[in-house]
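1. A predicted structure for the sequence below; I have some questions about it.
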Amino acid sequence: MSTREIFDGRLEAALLLAPTAIVSAVFLYYPTALAFRTSFFESGFGRAPEFVGLENYVSLLGNPEYHSSVLISVVFAAIVVVGVIAVSLYLTFLIHEVDAGQGWYLISVIWPYALPPAVGALVFLFMVHPTLGVLTGPIEALGIELDWFNDGPQAFVVVALAAIWKQIGYNVIFMIAAMKNVPDALTETAEIDGVGRLRRLVSVYVPIMTPTLFFLVIIDTIYAFFGTFAFVDLLTSGGPSNATNVLIFDLYREAFSFFNFGTASAKSVVLFLVVAVLMAVQFRLTEEYSYYGA
Amino acid sequence: MTGAIQYAKRRFESARAALGRGAGTETTESTADLGAAGVHVQLWLLAGLVLFPILVAVVVSTKQQGIVTSLPDLLPGTYAVENYREAIVDYGFARFMWNSLLMSVVVVVGKLVVSVLAAVAIVYYRVPYKDLVFLFVLFTLLLPVPVRFVPLFQLMNDLGWSNSLLAITVPYIASATTVFILRQHFLSIPTSIVETAKLDGVGPLKFTLRVLVPMSRGVLVGVSIIMFVYAWNQYLWPLVIIDSEANQVAQVGLQLLQGDVQGGQLSWSLVMAGSVLTLLPPLALMILFRKPLLETFAIQQK
């Protein structure tokens, strides 16, 4: 019988696994457990933690500011995910269809994968700065008064655009691989039958790419919730009037501006549930659609 | 794959039905809307949009003041050398970049070594409970930094690691993603090679260094780039745990510049110089090693 399991030293195996297991336990599982525990306490700098049971959670349930933060995060994630997927899919399709220079086009749209969010945020801050921005003049010439330091919805759009821009690279990387896997025979049949290019994208490529697209929807959702902190921090600091106060920024402020570690821990637990649900959905979808992708 | 084809064919049939019998007119219309030249034009426009912000940053970083209020102002200036020198020397980017590099290299090397060891145990050892350990590692995907940075902050204080290289490297060393990618790759190495090694009586260390590592060069380079980009771009955790400028990383260094420029004490050209500097290392690595990087991503998704 052929097997890869050619070694059987138990001690050796334990030693090999130990570093990963210990770091996971101490720096990943233990802090998470600590967050659950602290969430039942009233705790902060220079105060003795006091057990309050579910009070932190109850106060979150009744806190309209937190509700609006949840709502903002969900809307933000929806816009970012739809924006990223739509733009990336169309870009990928164009690169897939182009007859020359594919490599150059590809690198010129996947590079934002390497872009540090902090850099992306500062460049956006400069480009659409209400008074200095290089794009401010052209945008205002279209009749839009740029005032996103004071105007909530505008600030929201600026942060969302910056977040979408950064995530295009990662998405195109996965989409181009999936699109290349579409059998040529299908493309040819479609061409012979006179199906136009855009129609081919929607009716032939997208269905075959479904597993990849689901994977990206989940990854992009997690990114929108957790990977966009730098954009919010550097562009708007959650403002104006909390218009961009997404959950991750709200949590940061709770812990490191207000030093309410108890409430912050309860908010961490809520975020953990968000990740858990997203991962569970991904797991289910992967099972269901592995049929198409494998 | 056959399932995929059948599914697509079905969708495709229904699309054709929707188009109706007069497919001829549809053809001329839809090929006209996206001819070969049209594809190039659209790509130039869209790729141009994706590149535009960074081109602005580069151009502004060469100007004296960085006041660029209209598109015609976007001509390169002659102050590049002064601006970059000032960012690196006077605004501490030499220090920030060095700290970022140190953090990233330690994280990459640490993760790589630790994850190779774990993946070897998971794939090549016949021992009980190893699948449980693998699950234990995989489940950490549920625990990204944003979920645990508050308690991690307290833990670092208790350990006395705050404001140190240990704080921004050790918590990153365990990597579910890397172990998973390496495991997938090891499982794709033919068993015949593994069995030959066994017949030759090769021990685990020699097997790893002489057989596995040479057969995994592309993947090891690919995951190294992924991990470098990940570590270099960390912002939230260093912001929270590092409180002295001397130990700060480039991402948070940018945040310090942002405060000054908003307050009007600093020119935008310097901020853009700092931004370009911070972008360069991950971008250069990605472009140089794009082939193994893309191949590694292909493994990750399987």
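-> Sure thing, it's come through.
2. any low-confidence regions in the stretch 51-200 of chain A?
-> Filtered on pLDDT under 70, the stretch 51-200 of chain A yields no residues whatsoever.
3. which SS class is residue A:206?
-> On the three-state scheme (DSSP: H, G, I helix; E, B strand; the rest coil), residue A:206 is labelled helix.
4. burial measure for residue A:172, as a count.
-> By other CB atoms under 10 Å in any protein chain shown, 26 other residues sit near residue A:172. C-betas here are computed from N, CA, C, even on glycine.
5. now name the helix or strand holding it.
-> helix A:152-180 (DSSP states H and E).
6. and that helix with chain B, contact?
-> Yes: Helix A:152-180 reaches chain B (CB under 8 Å from any CB of the partner chain) through A:165, A:168, A:173-174, A:177.
7. top of the residues you listed by neighbour count?
-> The residues of helix A:152-180 next to chain B, ranked by neighbours (other CB under 10 Å): first place residue A:168, 25 neighbours.
8. that one: what's it in contact with?
-> By CB atoms under 8 Å, 6 or more residues apart in numbering or on different chains, the residues touching residue A:168 are A:84, A:87-88, A:91, A:109-110, A:112, B:50.
9. from these, which is closest to residue B:88?
-> Closest approach to residue B:88 among these (CB to CB): residue A:112, at 24.5 Å.
10. so what's that closest one up against?
-> Applying CB under 8 Å, 6+ apart, the residues near residue A:112 are A:120, A:165-170, B:50.
11. which ones among the contacts of residue A:168 are found in helices?
-> A:84, A:87-88, A:91, A:109-110, B:50 (DSSP state H).
12. in TSV: these, plus distance to residue A:11.
-> Formatted as TSV, those follow (distance: CB to CB, whole Å):
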residue	distance to residue A:11
A:84	47
A:87	53
A:88	48
A:91	52
A:109	50
A:110	45
B:50	52
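13. just those now: which is nearest residue A:103?
-> Checking the ones in helices among the contacts of residue A:168 one by one against residue A:103 (CB to CB), the nearest turns out to be residue A:110, at 10.7 Å.
14. I'd say that closest one and residue A:175 touch.
-> No: in this structure, residue A:110 is not within contact of residue A:175 by CB atoms under 8 Å, at 10.1 Å.
15. pLDDT-wise, which helix or strand of chain B ranks last?
-> helix B:23-32 (a mean of 42; mean pLDDT, DSSP states H and E).
16. separation between residue A:48 and residue A:262?
-> According to CB to CB, to the nearest Å, residue A:48 and residue A:262 sit 12 Å apart.
17. which one of the two has more residues nearby?
-> Set residue A:48 next to residue A:262 and count neighbours by other CB under 10 Å: residue A:262 wins out with 23 against 8.
18. ok, the more buried one - contacts?
-> Per CB under 8 Å, 6+ apart, neighbours of residue A:262: A:38-44, A:49, A:52, A:56.
19. okay, now residue 114: neighbour count?
-> Going with chain A. Neighbour tally, residue A:114, other CB under 10 Å: 26.
20. please refer instead to chain B.
-> 23.
21. can you check residue A:193 too?
-> 15.
22. any stretches of the stretch 1-150 of chain B with poor pLDDT?
-> Along the stretch 1-150 of chain B, segments meeting pLDDT under 70 span B:1-34, B:66-67, B:69.
23. I'd like to know which elements the helix ranked longest in chain B is packed against.
-> Scanning chain B for the longest helix, with DSSP H as the assignment, gives helix B:93-124. In terms of contacts (3 or more CB pairs under 8 Å, 6 or more residues apart in numbering or on different chains; DSSP states H and E), helix B:93-124 is packed against helix A:10-23, helix B:130-138, helix B:165-169, helix B:176-187, helix B:217-232, helix B:250-262, helix B:268-288.
24. quick one: closest of the ones you listed to residue A:143.
-> Judging these by CB to CB, what sits closest to residue A:143 is helix B:268-288, at 26.2 Å.
25. what's the local residue count around the residue of the stretch 51-200 of chain A found nearest chain B?
-> Chain B sits closest to residue A:196 of the stretch 51-200 of chain A, with a gap of 2.1 Å, by CB to the nearest CB. Residue A:196 has 21 neighbours, counted by other CB under 10 Å.
26. excluding sequence neighbours, find me the nearest residue to residue 261.
-> Unless you meant another one, I'm taking chain A. residue A:43 (4.3 Å; CB to CB, 6 or more residues apart in numbering or on different chains).
27. oops, I was thinking of chain B
-> Using CB to CB, 6+ apart, the nearest residue to residue B:261 is residue B:271, at 4.9 Å.
28. just checking, the one you found touches residue A:126?
-> Yes: contact criterion CB under 8 Å: residue B:271 and residue A:126 qualify, at 7.2 Å.
29. in terms of neighbours, single out the busier of these two.
-> residue B:271 (27 against 24).
30. and that one, what does it touch?
-> Applying CB under 8 Å, 6+ apart to residue B:271 gives the contacts A:122, A:126, B:66, B:254, B:257-258, B:261.
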